[in-house]
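Engineer: coordinates only, sequence not included:
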């Protein structure tokens, strides 16, 4: 299939360039480099604010490697007297920020330096886009540098003749080429708006002309630069994926200014919300009412207030039989959607059939005051009610009306007009935004030592008793202790997860395990966690005796003065020196210990701006059309946040900003997008036509803080990719603005030297089985506590954010981990293969160089380590040019999401325990057995080789051990006498010519393979 993909670059203008001649001006032109192609614009003489408006089209040789490519725009000054050119600045644009023509806009990039001593200033305006239109041709070849030295009339005319022949608006990938090449009205308006970029002394360009097909240059007369030598990249990049699944860098205008290349071009003084677009809202605060007239025969009022603005109607809650109600509710209307000019506030009396009209207050929107944070809140005032004719009525209502932004303190608690449910009977608590503090988790360590005077009902010779620990939904049994008397010993420690505030008691029960049908409870004790000792280290905990109570309706022993009861010996402690892992360590957002006294000061601040979502996939149907009620959840550290729900919108705009303290770089910020299904009405159905009350998952974004540069603003659109049973699916694009600010550089660097987890994880480590079980308990506690908040954060949302089911088996994930391991080992494998080819004399020149290197390292062994470190230093400097310019995101190629078999995906999304049929389970079990058989064979080979190494000195084969010991003493004497000569001869022997080699295995290999292993002892 022919590749028609091209990169279009429109060089618009430059601003505030560095003067280079004696008159304080510059003869500027732009040189473009991309994919071994080079084009340049005309020269603008004596102009520090030149305007070109020239377009060029590059051929994209390999669309799959487009994200690895870079467009470079170099701005030069031409000195025709000295026949030379001077550097004015450059711009580098990564391939990941290339977008379609429909999304492309003119962006002004700050010019960068070429070196440390370069003097650069100014901006360069470029419009970069991709097109696959076959009618668009590649631009003309470059003009030689000598032609630029000529006069402007001689040099500019040939280029100006072609200047507008390639300036054709391109179309997106989905559109087919059209026969007529007419300029759209939007593009002509854009060109007219760019006319003020001309200086007073420069001439405007000629009017745009529509070129014919013959004006395009063909590929035969195009000359390009010779191919440059490629640079070897020593790090393996992740697999490429479709462009639609990749990140796109944007340059939005936020509250702090326009973001260009991660830097904010501030025009005004930035406010509190500088990472989101400033949105104006009309706020109405309804406080209370007084002296309202009676509307019913019973002289009572069931009052509520209705706020009407255009097509929007919002209502407060109503009070039964109250003539002086107090609501204190705030309503917010987006200013950009307001079509009316009058705000109407009605006071009504709720009735069975038709609500009675009490009175109203009208506001002219042109007279509403504007409040800018951090101004003091606007004081509410009393307003007299009027009837529908405008006459004054009895009663007053206290209101406050103002225009503000999302920085207003009333914004989080307000009823938003774009978030009102379709069914008014649904509580608005399911729609509002909320900040959720995560419950404070502790590890509860319970040591079960012994029990005395345990009375067993059945008199048997050998009694079997166990202890069961219960805390909330956690049940942990001990081992079974056997005894012939009434005393039992365990000496066993168990760990549970406790959440503060401690609402549940620890229940310790002793059960008789002699009965097979059910266990008999011999005694129990309730221990409040508030009485348990807290500790921050591995100090010794004093054990205590606890009296056991019998499980009966009335315990008669408790009424006796000298009561006799069984008792149990326990050690209890709340260990605050651990970090309770409620999520996987690979995706953790916090590593601080449970005890706050052990927390270190923060090293930085993380700021997140949730801007908008584009192209949302319809998650349900409402009134015959697809729709979505989207909201976002962000999680980092001890704070979760939830945005407000935008109802019935496939392109919601949130523009909400949040802030967290950062204590470690090796943490992740997680942002999830969900469809709110709690607004269920009768017309709301899912794809199956049935009601659904679980929030739908739309997608998730993870951002690792260690990959972010300090102080840079990252504005990208993240594709929301979700893996279903049918394959990977894009649900939309989430637009975020992220900034990580370091408060102390020294503390930030010192964090890299500290252990990842608190010290108790190393002083008194927990086993892998315990960590897995505790992780499951902690995730369940967090999900349950968050679901009890108002508005509730549902269980499926919390589990998706915590990756609670990531431990379940998946054939796809097993393949992914195997190929990840092979990718890591590809470097050493390539080096060993290169050495083996050198030993085999496949490339004589390489083999000779290896001999020379071997002689140098043998003669000067002290150069080995310095050479290795110097080599890594040079490779790191070379890779700095290709460093990632954006945070990593979900990779479908790396995840094998686009190549997974449908049965593997069905197995991955199966429930646990399984719900599939017998034949399907049998087929999967046989497949798993075949894969496990290969793994078993590989492990057998590894164990055999390791056992052969151990048998060298174990005298299992006396002849082989004697031969090896003789070789060791001879080698020790030889190496002590002539180490360099022996090493050199050994190297020459390994690199000998194939003429002196045999195809049979070497003597050491034959000796090693004859050594015994323990395979003959296996069943």
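Structural biologist: Structure received. In this text, all values refer to a predicted model and were calculated from it rather than measured experimentally.
Engineer: now the lengthiest strand in the chain: mean pLDDT?
Structural biologist: For the chain, the strand with the greatest residue count under DSSP state E is strand 727-742. Averaged across strand 727-742, the pLDDT comes to 92.
Engineer: tell me the helix or strand right after it.
Structural biologist: Along the chain past strand 727-742, the next helix or strand (assigned with DSSP states H and E) turns out to be helix 745-750.
Engineer: just give me the residue right at the centre of this protein.
Structural biologist: The centroid of the chain falls nearest to residue 702 when counting by C-alpha atoms, centre = their mean (1.2 Å).
Engineer: that one reaches residue 672, doesn't it?
Structural biologist: No: between residue 702 and residue 672 there is no contact under C-beta atoms under 8 Å: 9.7 Å. Where you see a C-beta, it was placed from the backbone N, CA and C, and this is true even at glycine.
Engineer: list the helices and strands the longest strand of the chain packs on?
Structural biologist: When contacts are defined as 3 or more C-beta pairs under 8 Å, 6 or more residues apart in numbering; DSSP states H and E, strand 727-742 sits against strand 604-614, strand 668-675, strand 696-704, strand 713-724.
Engineer: so for residue 34, which of the ones you listed sits nearest?
Structural biologist: Nearest of the helices and strands packed on strand 727-742 to residue 34, taken as C-beta to C-beta: strand 713-724 at 21.5 Å.
Engineer: would you list the strands that that closest one pairs with, along with their directions?
Structural biologist: Strand pairing for strand 713-724, using DSSP bridges, gives strand 248-249 (antiparallel), strand 727-742 (antiparallel).
Engineer: ok and the last one relative to strand 696-704, angle-wise?
Structural biologist: For strand 727-742 and strand 696-704, the angle between their directions (axes from the mean of the first three to the mean of the last three C-alpha atoms, to 10 degrees) works out to 40 degrees.
Engineer: report the distance from strand 727-742 to the chain centre.
Structural biologist: Centroid separation between strand 727-742 and its chain, computed with C-alpha atoms, centre = their mean, to the nearest Å, is 7 Å.
Engineer: what do you get for stretch 39-49?
Structural biologist: Relative to its chain's centre, stretch 39-49 lies at 43 Å (C-alpha atoms, centre = their mean).
Engineer: first vs last residue of that stretch, how far apart are they?
Structural biologist: Terminal residues of stretch 39-49 lie 21 Å apart, using C-alpha to C-alpha, to the nearest Å.
Engineer: ok, back up a step: looking at the helices and strands packed on strand 727-742, which is buried most?
Structural biologist: Counting by mean count of other C-beta atoms under 10 Å, strand 668-675 has the highest mean neighbour count of the helices and strands packed on strand 727-742, with a mean of 23.
Engineer: same for that one, what does it pack against?
Structural biologist: strand 604-614, strand 630-636, strand 696-704, strand 727-742, helix 795-802.
Engineer: hmm, residue 673 is touching residue 734, no?
Structural biologist: Yes: using C-beta under 8 Å, residue 673 is in contact with residue 734, at 6.0 Å.
Engineer: overlap in contacts of those two?
Structural biologist: Counting by C-beta atoms under 8 Å, 6 or more residues apart in numbering, the common neighbours of residue 673 and residue 734 are 613, 632, 699, 720.
Engineer: okay if I get those residues as a markdown table plus distance to residue 693 and pLDDT?
Structural biologist: Rendered in a markdown table, the data for the shared contacts of residue 673 and residue 734 read as follows (distance: C-beta to C-beta, whole Å; pLDDT from 0 to 100):
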| residue | distance to residue 693 | pLDDT |
| --- | --- | --- |
| 613 | 23 | 94 |
| 632 | 20 | 95 |
| 699 | 21 | 92 |
| 720 | 22 | 93 |
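Engineer: my guess is residue 865 is in a helix, correct?
Structural biologist: Yes: counting by DSSP: H, G, I helix; E, B strand; the rest coil, residue 865 is found in a helix.
Engineer: number of nearby residues for it?
Structural biologist: Residue 865 is flanked by 9 other residues according to other C-beta atoms under 10 Å.
Engineer: cool, residue 112 as well?
Structural biologist: 13.
Engineer: if I pick it, what's in contact with it?
Structural biologist: Neighbour list for residue 112: 89, 90, 91, 92, 120 [criterion: C-beta under 8 Å, 6+ apart].
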